[in-house]
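>>> show me the folded form of this:
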Amino acid sequence: MPSVPELLSEPFDIIFGADIVYEADHAIWIKKCLERLLRRPSTSAACLLTATFHLVIPLRPTHWLEAGSIEATFRWMDDMPHNDYPELAVLSKETILCEAYRDGDRKRGCDVAE
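Numbering: from 1, shown residues only. Purely as a prediction, here's the structure:
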């Protein structure tokens, strides 16, 4: 295995991902990266906050399969068995409708992000 850069040698408390899902397989790759890079839960009193990953993906009409691969790869927290093994899960989902003028034609366009 190649050496890991020092920057990635310690786990992160928070990770952001924006517009990084272009193929259905990307959800699996993202999960594998998070399993390596996101801090694991701790019972230590010094570490009460849950490590978190925030993902923003535009809902393009041509990428419904790719967007759906996220929920197929990451289960909802409410659907997970309550055991001692920590697993990455979806805690919440929000859909944001952004209305803006498109460049050049001054017509109102619409983008949706989750």
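
>>> what about the helices in this protein?
25-37, 64-73 (DSSP state H).

>>> could I get those helices as CSV with mean neighbour count and distance to residue 89?
C-beta coordinates here come from the backbone N, C-alpha and C atoms, glycine included. Below are the helices of the chain laid out as CSV (neighbours: other CB atoms under 10 Å; distance: least, CB to CB, whole Å):
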stretch, mean neighbour count, distance to residue 89
helix 25-37, 15, 11
helix 64-73, 15, 11
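
>>> so for residue 91, which of those sits nearest?
Residue 91 sits nearest to helix 64-73 of all the helices of the chain, at 12.5 Å, using CB to CB.

>>> now the closest one, how far from the centre of its chain.
Here the centre of helix 64-73 is set off from its chain's centre by 11 Å, with CA atoms, centre = their mean, to the nearest Å.

>>> which outside residues touch it?
Outside helix 64-73, the residues within contact range by CB atoms under 8 Å, 6 or more residues apart in numbering are 21-28, 30-31, 55, 57, 59-60, 90, 114.

>>> low-confidence ranges in the protein?
For the chain, the stretches with pLDDT under 70 are 1-2, 42-48, 83-85, 99-114.

>>> switch the cut-off to 90
1-10, 20-24, 39-52, 57-68, 70-71, 74-114 (pLDDT under 90).

>>> centroid-nearest residue for it?
Nearest to the geometric centre of the chain sits residue 55, at 3.5 Å (CA atoms, centre = their mean).

>>> burial of the nearest residue to it once chain neighbours are set aside, as a residue count?
Closest residue to residue 55 apart from its sequence neighbours, by CB to CB, 6 or more residues apart in numbering: residue 17 at 4.6 Å. Look at residue 17: counted by other CB atoms under 10 Å, it has 16 neighbours.

>>> surely residue 17 meets residue 33?
No. The pair residue 17 / residue 33 is not scored as a contact, 9.1 Å apart, by CB atoms under 8 Å.

>>> the chain: strands as residue ranges?
Secondary structure of the chain (DSSP state E): strands at 14-18, 52-56, 75-76, 89-90, 96-101, 108-113.

>>> and the fourth one, which strands flank it?
Strand pairing for strand 89-90, determined by DSSP bridges: strand 75-76 (parallel).
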